[in-house]
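Visitor: Could you look at this predicted model? Sequence included:
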Amino acid sequence: MIEFIKQPWPWYVAGPLIGLTVPLLLLLGNKSLGISSSLRHVCAMCVPAGIKFFDYNWRKEVWNLFFVAGIIGGAFIATQFLANDEPIILGELTKSRLSTYGLTDLGGLIPSELFGIDQILSFKGFVFFVLGGFMVGFGTRYAGGCTSGHTIMGLSNLQWPSLVATICFMIGGFAMTHLILPHLFKLF
């Protein structure tokens, strides 16, 4: 059984399992799937009263913090105990394009030239971690939710704002990958 779990699951197994979280959350507690709102709950716990955006009963939403903790714990268990030791297989075109950006360590989930420990305190790390994180956080709040909330939960509930947000997420991802990221790599 463990060997089966260590293999990548096909889309027709993993997709429905992710999709089934939507009715499960709705049926068990009338809750919506979304991760970005948990940051607001954490801030509401830590920020003193007086800031209107954080002045609400965050204890009512504490389930969301347990949900996020479960995701983090599950990711830790998966990477430490269920990880497949086989290298990730990339297409030759992808490898050649990444090598033009200076990314050659392609054996893991993420390239160490971008996300390695030694990159955190560099200028490149500042751009990708701090500025990128700020942009993702701002975009999440501006869109009224994250990709999981809009794309998984919102689309399954046929919400028009979620369709618009998902289309914008995709356009932004394509633009970043093909138009902006190549120029960022030239800076380093």
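Guide: Perfect, I can see it now.
Visitor: Report the mean per-residue pLDDT for stretch 92-105.
Guide: The average pLDDT for stretch 92-105 rounds to 86.
Visitor: just how off-centre is it within its chain?
Guide: Mean C-alpha position of stretch 92-105 versus that of the full chain (C-alpha atoms, centre = their mean, to the nearest Å) differs by 23 Å.
Visitor: Stretch 54-62 now?
Guide: Centroid separation for stretch 54-62 versus its chain: 23 Å, with C-alpha atoms, centre = their mean.
Visitor: avg pLDDT for it?
Guide: The average pLDDT within stretch 54-62 is 84.
Visitor: Other residues contacting that stretch?
Guide: For stretch 54-62, contacts defined as C-beta atoms under 8 Å, 6 or more residues apart in numbering pick out 37, 40-41, 43-45, 47, 49. Every C-beta, even on glycine, is put in place using the N, C-alpha and C of the backbone.
Visitor: how does it look with 7 Å?
Guide: Contacts with stretch 54-62, where a contact means C-beta atoms under 7 Å, 6 or more residues apart in numbering, come from 41, 43-45, 47, 49.
Visitor: Neighbours of residue 34, how many?
Guide: For residue 34, the number of neighbouring residues by other C-beta atoms under 10 Å comes to 21.
Visitor: cool, and the one 10 residues further on?
Guide: By the measure other C-beta under 10 Å, the count of residues near residue 44 is 18.
Visitor: got the contact list for it?
Guide: Counting by C-beta under 7 Å, 6+ apart, the residues that residue 44 touches are 54, 56, 58.
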